[in-house]
Structure formats: structure tokens, C-alpha cells
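# Need a 3D model of the sequence below.
(chains A and B)
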Amino acid sequence: MITLSNLNFSYQSTSIFQNFNWQVQRGERWALLGASGCGKTTLLYLLAGLRFPDFGRLLIDGEMITRPRPQTGLILQEYGLLPWATVEENVRLGARIRSFYGADGVHAPSYETRVTRDLGAWLKRLGLDTLSAKYPSQISGGQGQRTAIARTLSLNPDLLLMDEPFSSLDALTRADLQNLTLELCAEENLTLIMVTHAIEEAAIMGNKILLLGNPPNEKVQIIENPRAGEEDYRKSEEYTELCHDLHQRMERA
Amino acid sequence: MRKRDVVFAGLGILALWQIIAMIVDRSILPSPVVVIPVFFEELLRGDMLKHAAISFWRALAGMLLAVVLAAPAGLVLGQSKKLNRFFSPVIYLLYPIPKVVLVPIVLLFFGVGNFPKIIIIFMILFFQILVLVRDQALALPRGLIQSVRSLGAGRRALFYFVYLPASLPAILTALRQSVGTAVAVLYITETFATRYGLGYYIFLNASTLLDYPAMYAGVLAMSLLGLTLYFSVDWLEHRLCKWQFVE
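Residues are numbered from 1 along each chain as shown, chains lettered A, B, ... in the order given. Model prediction:
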């Protein structure tokens, strides 16, 4: 689904990616792991069509990315919600932007003029139905991220990009939202790419983990983690070992 | 703040005025008992209503003109680093100039009539709105813009769904902060080169006719004009920016 070949990107004359190659298949769940400054967020923004490579190719579904792709959803750590709009209005925003442009194939997919599943169902699925009239300042961080997820998924994306979406939440809420995201990925057949600096989160979320080191990134490590997403994986020995292994790799990277 | 408390505060001020008037006991300070009947008589039978309407129109026109020109300019500067870098020093120099000192110049250029008065009010409000709207647009978190862009918003949708609603509180705050100054300066402009407006009415009764109760009625009317504008902005803010008042 996603192909990066010989991709080069530098930021303020620091090379971050050099002849970087990477492939993502449809339905995979990837965690992008690395210390801050390694370029993981940059990679996500490249995929989102908010930054562009200096050289090399970035193809999603065979198409060059020149602007945000309508079928890609993006969820950031914070500030994603309009502070002047209620939870319901925030969830509706994506649909309103789509109808603002119509199915022009640029801002919205050309084959789809309206959001198929109704927004009430999304509010309910994410447990927001009782909060729909609240403003973002009145709800918790976890509820805010649920709102952002509902807004993004209501547009029927096939690729979900998340940039440390749960890192400012408390441990219980974080685990709760991680499980919810795994469920939703299965329900909606999503390809997931999640940026995180937390080893545990990478091990829970990613079937595959891409470990980035100090830039420039050229050869990267990919760690397979097929059991991620299974029930009780958090409590398994495999999980503990993987975390330990990732820890050592990160120290070396 | 509750409405009842505001009413009580108003009554308290009237009572204080009454007491001071009784202590001073001179014709240059008539008590509210004298002034309020004169106020209604001048309003209903005299021509104070006409003067008030003209002042109100000048203030409103100046405010609207300022909003219409300053808000888009502020939004443009808030979105374009280049333009902002170019205009910032100009605004920095012009913003603090007390616009009231420009009154004689504006009158020289534009002469009599409503236009110079509207221009003065416009100049006072323009910079206030420009600066607040620009800063509001600059302060929008990058993450918010990126998130909305990822939902498919291009330049036009970003403007409509993000920048425009974000500038609304800034416009209303700017109006609320400067409406008092605008009415004060309106008074000054109306004391020259016009025969209409509450400023003229007050000045005429004070200096020519020496009718102090009528002069006080004019002062009362001008205060009410300021209050009306202030409360209207306040009301709009509560209606249009509900999210700022939730707990």
C-alpha cells in the first residue's frame, strides 16, 4: 500500500532520511519507535502529505503524495479539536469540509459525496453520546482523543496515522484507548501507523515495529511482533521480552 | 455578574449623585430629580433624539468600517509571515499614537459632515482590531491547522472553518476595549464643525445656552450611548462565543 524508495529528506540542512526505503502492506499495524529528534514524526508528516521529500518517491496506493490524501486520517497528540465547537460539531467537521468542496477527488474522494455511517453512531461507538454538547475545555484528554478518533474515522479512511496520540493521558486511559484503537482497526480494516516514544506502546500496538536511530536514517531495524493485538498479550512473557529487547536496541541505536 | 446587581449599582450611582447635588447645592450640579425629567422631555419633545441618533450612527458606522477592514487585514497578516514582517514595524509605530491628536488634521482634510467623525472612530478601532485579530491568528496551534488540513481542508476551508471563527472573539474583545475611547473621541469631534450630535448638543447647552439641566441630560444620553454599545458587544460575545463562558 505504501512504498518509500530512495527517499531523502532534510530539515534545516540536517539530513533526516537518506536513501530510505520502506514498504507497508494493507492492513498492517506499524509502530514507529525512536528517541525524540529521530525523525519519526517527520516520517508521519511525509505520509500525511503535510511535508514533502527532497528526492525519492513516496507512493500510497500507487499515487505520489502531493497533498493530504482524503482517505488518510491523522490524529495528533493534542490541539486537534476546534475549541469553539462542541464535541458533536467537532466530529461533524470532517463531513462539513467534505460537503464544502464536494466530491472533487482532491479534498474528498471522488467516489464518495457523503459520509456513509451516520455521526450519531460514531459518537455512540466511542462513548461520546452523552458529551456531544460539551466544548473541548469541558472534557478530559481521553475524551478529547475519542472525539478526534470519531471525527477521523467518520470519513472512512483506509490509513490511520497517529502521532503520540495517547502520551499525555494517564496510564489507565492510555491502555483503554490503545485497546479501543486495536478494536477499531480490526472493525474498519485500517492500516495503522503510530508514532510513539514509549517502548510498551510500540509493543502493544505494532505488528511490526520500525526502530529509527539518530538521523540520518538509512538502514533501519524492523522488528516483527505478530502477536500484538491478541488478548492478554500485555501479560505474556513474549511481550516482556520484546520490551526488554527494544530497550537494548534503542540504547544501541 | 448578575443583571440585578447591575441595576442596583445604577441606582446606587443615582443616589450618590442626588446626595452630592444636595450638598453642593449649586446650579452647575442639578440633581437627578431635575435632570431625568428634562432628559425625557428633551428626548420626546426636544431634538435630543435626533442628535443621539446621529451620534449613534457615526459610532456604529466607524465600528462597522473598522471591523470590515481590520479583521481581514489582521487575518492576512496572521497567516503570512512575510507580510507580517513587513507591516509589523509600521503598526508598531502607528498603534500607540493617540488618534485624538489627529482630529484637527482629519477635520482639515475632510471638513464638515459625518465623514471625518466616522474616520476618527474608525482609526481608533482599526489598529486595536487589527492587532488582536493578527495575534489571535498567529496563536492558533500548528497542530490544529494540521489536523484540519488532514480532514481535507484547503486554504478556503481553513479560512472558513478555522481562521474566521477564531478571529471572532478577538474582534469583539477589541470592540469592547475601545468602544469607550471611541465615544469619548466622538464627543470631541462633535464639538467642532457640526450642528448635529450629542457632543454638539452638550457643548451648545453648556457654553451658549447655559441650560445646565439640558446639558446634564445630554451627558446622560452620551453615557447611555456608550453603555448601549458596550452591552451590545457584550451580548454578541455571549451569543457568538459561548465556548468562552462555559465552566
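# Mind listing what's buried along stretch A:47-65?
For stretch A:47-65, burial by neighbour count (16 or more other C-beta atoms under 10 Å in any protein chain shown) applies to A:47-50, A:53, A:56, A:58, A:60, A:65. Just so you know, the C-beta spots here come from the backbone N, C-alpha and C atoms, and that holds for glycine as well.
# and it with chain B, contact?
Yes - using C-beta under 8 Å from any C-beta of the partner chain, stretch A:47-65 reaches chain B at A:48, A:50.
# need the next SSE after the lengthiest helix in chain A, C-terminal direction.
Looking across chain A with DSSP state H, the single longest helix is helix A:171-188. Where DSSP states H and E defines the elements, the next helix or strand beyond helix A:171-188 is strand A:191-196.
# what about that next one, distance to the chain center?
Strand A:191-196 sits 4 Å away from the centroid of its parent chain (C-alpha atoms, centre = their mean, to the nearest Å).
# I'd like the next helix or strand past it.
Downstream of strand A:191-196, the first helix or strand assigned by DSSP H and E is helix A:199-205.
# Show me where the stretch 101-250 of chain A has its strands.
Counting by DSSP state E, counting those that start in this stretch, the stretch 101-250 of chain A has strands at residues A:159-163, A:191-196, A:208-211, A:221-224.
# Which other helices and strands does the second one contact?
Spelled out, it's strand A:191-196. The contact analysis (3 or more C-beta pairs under 8 Å, 6 or more residues apart in numbering or on different chains; DSSP states H and E) places strand A:191-196 against strand A:29-33, helix A:40-48, strand A:159-163, helix A:171-188, helix A:199-205.
# Listing request: residues of chain B with sub-threshold pLDDT.
Applying pLDDT under 70 to chain B flags no residue at all.
# if I look at the residue nearest the centre of it, how far off is chain A?
Centroid-nearest residue in chain B, with C-alpha atoms, centre = their mean: residue B:179, separated by 2.1 Å. When distance is defined by C-beta to the nearest C-beta, to the nearest Å, residue B:179 is 23 Å away from chain A.
# In contact with that residue, which residues are there?
Residues counted as contacts of residue B:179 (C-beta atoms under 8 Å, 6 or more residues apart in numbering or on different chains) are B:59, B:63, B:226, B:229-230, B:233.
# 6 Å instead?
Going by C-beta atoms under 6 Å, 6 or more residues apart in numbering or on different chains, residue B:179 touches B:229-230.
# Where does it sit, in terms of helix or strand?
With DSSP H and E as the test, residue B:179 turns up in helix B:164-190.
# how about that helix: buried residues?
The neighbour-count criterion (16+ other C-beta under 10 Å) identifies B:165-176, B:178-179, B:181-183, B:185-187, B:189-190 as the buried residues of helix B:164-190.
# So what touches stretch A:54-74?
Under C-beta under 6 Å, 6+ apart, the answer for stretch A:54-74 is A:2-9, A:48-49, A:108-109, A:152, A:157-161, B:149-150, B:152.
# Going through the residues you listed, which ones are buried?
A:2, A:4, A:7-9, A:48-49, A:108-109, A:152, A:157-161, B:149-150, B:152.
# In CSV, could you pull the C-alpha coordinates for stretch A:58-71?
Taking Å, rounded to 0.1, in the frame of the first residue of the first chain, the C-alpha atoms of stretch A:58-71 are listed here in CSV:
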residue,chain,number,x,y,z
LEU,A,58,6.6,8.2,-1.7
LEU,A,59,3.7,6.3,-3.2
ILE,A,60,0.4,5.4,-1.5
ASP,A,61,-1.8,3.1,-3.5
GLY,A,62,0.5,3.8,-6.4
GLU,A,63,0.0,7.6,-6.3
MET,A,64,2.5,10.3,-5.5
ILE,A,65,1.6,12.3,-2.4
THR,A,66,1.4,16.0,-3.2
ARG,A,67,-1.2,17.0,-0.6
PRO,A,68,-3.2,15.4,2.2
ARG,A,69,-4.9,12.3,0.8
PRO,A,70,-8.6,12.2,1.5
GLN,A,71,-8.5,8.5,2.6
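# How far away from the center of its chain is it?
The chain centroid and the centroid of stretch A:58-71 are separated by 15 Å under C-alpha atoms, centre = their mean.
# what's the answer for stretch B:38-56, then?
That offset, for stretch B:38-56, works out to 20 Å (C-alpha atoms, centre = their mean).
# and if you look at stretch B:75-84?
Stretch B:75-84 has its C-alpha centroid displaced from the chain centroid by 26 Å (C-alpha atoms, centre = their mean).
# Next: stretch B:64-80.
Relative to its parent chain, stretch B:64-80 has a centroid offset of 17 Å by C-alpha atoms, centre = their mean.
# and that stretch, which residues are buried?
Of the residues in stretch B:64-80, B:65-67, B:70-79 count as buried by neighbour count, 16+ other C-beta under 10 Å.
# farthest pair in the residues you listed?
Farthest-apart pair in these is B:65 and B:79; separation 22.5 Å (C-beta to C-beta).
# Much appreciated, bye for now.
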